[in-house]
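Undergrad: Test case, fold it:
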Amino acid sequence: MTVPDRGDGPSRPGADAGTGQVGLWLLPLGPEHDAAILAGQDPALAREISGAPWTPATLSAFLGRCAGWSTDGPLRELAALDTRTGVLLGGGGIARLGPGIDRGEATLSYWLLAAHRGRGLGHVVAAALVALAAQDPRIDRLVLRIAPDNPASQAVARQLGAAATGREEPHPAGGGRRARRWELALRR
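TA: Residues are numbered from 1 along each chain as shown. The predicted structure is shown next:
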């Protein structure tokens, strides 16, 4: 799967719409997604992503930074849209830079807006992001940091083939929370 530069068309679908599964477009996350994120966020998403609900100002600042990132750069935040409706389902990130990330590793994050949870879409979004990361020859292993009280994300990680390492690290949303480190080898 390729992710286009801004202005190009969307990427190929991440799932086959003909199977009854939602097909996905992965697009760079940007200011055009602010209204959907603000309307669709809930306390669970806020707790896992940023530690607090987005305000229009904080989300605008974050999405503005994302818009400046290169699609093949070390930091990528992506929006996952339903190919049939164009509705923002969620998204995720692939970051080759960050605390505790070694050469050949990247963090993987994934999220869904509240209205789209509970239907197996977390796995669809995460699998599309894994497929994208696997195309990058600089990434051999993905690191997932999952809160111990987030069984849905743990289930997605298991479906992807990731394994818990037993290590605890700071949670990506900060606030003194801890997360368990999971790893997924892309190349053997």
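Undergrad: Then P99 would be within a helix, right?
TA: No: under DSSP: H, G, I helix; E, B strand; the rest coil, P99 sits outside any helix and is assigned coil.
Undergrad: Just give me the neighbour total for it.
TA: As a burial measure, P99 scores 8 neighbours (other CB atoms under 10 Å). Placement of C-beta: from N, CA and C, glycine included.
Undergrad: what's the answer for I37, then?
TA: I37, neighbours per other CB under 10 Å, totals 21.
Undergrad: so where do the strands sit in the chain?
TA: Per DSSP state E, the chain carries strands over the ranges 24-28, 75-82, 88-95, 105-112, 141-146, 163-170, 178-185.
Undergrad: I'd like the distance between the nearest residue in space to Y110 that is not next to it in sequence and A57.
TA: Leaving aside its chain neighbours, Y110 sits nearest to G92 (3.7 Å; criterion: CB to CB, 6 or more residues apart in numbering). From G92 across to A57, the span is 23 Å (CB to CB, to the nearest Å).
Undergrad: and these two? which has more neighbours close in?
TA: G92 (25 against 8).
Undergrad: and that one, what are its bridge partners?
TA: Beta-bridge partners for G92, by DSSP bridges, are L78, Y110.
Undergrad: Please tell me I have it right and it contacts A106.
TA: No: between G92 and A106 there is no contact under CB atoms under 8 Å: 11.5 Å.
Undergrad: quick one, what contacts the most centrally placed residue in the chain?
TA: The centroid of the chain falls nearest to G92 when counting by CA atoms, centre = their mean (1.4 Å). By CB atoms under 8 Å, 6 or more residues apart in numbering, G92 lies in contact with 77-78, 80, 108-111, 125-126, 129.
Undergrad: Just send these back as a markdown table, with pLDDT and distance to W25 too.
TA: Below are the contacts of G92 laid out as a markdown table (pLDDT from 0 to 100; distance: CB to CB, whole Å):
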| residue | pLDDT | distance to W25 |
| --- | --- | --- |
| E77 | 95 | 15 |
| L78 | 95 | 10 |
| A80 | 97 | 7 |
| L108 | 97 | 18 |
| S109 | 95 | 18 |
| Y110 | 95 | 15 |
| W111 | 95 | 16 |
| V125 | 96 | 11 |
| A126 | 97 | 15 |
| L129 | 96 | 13 |
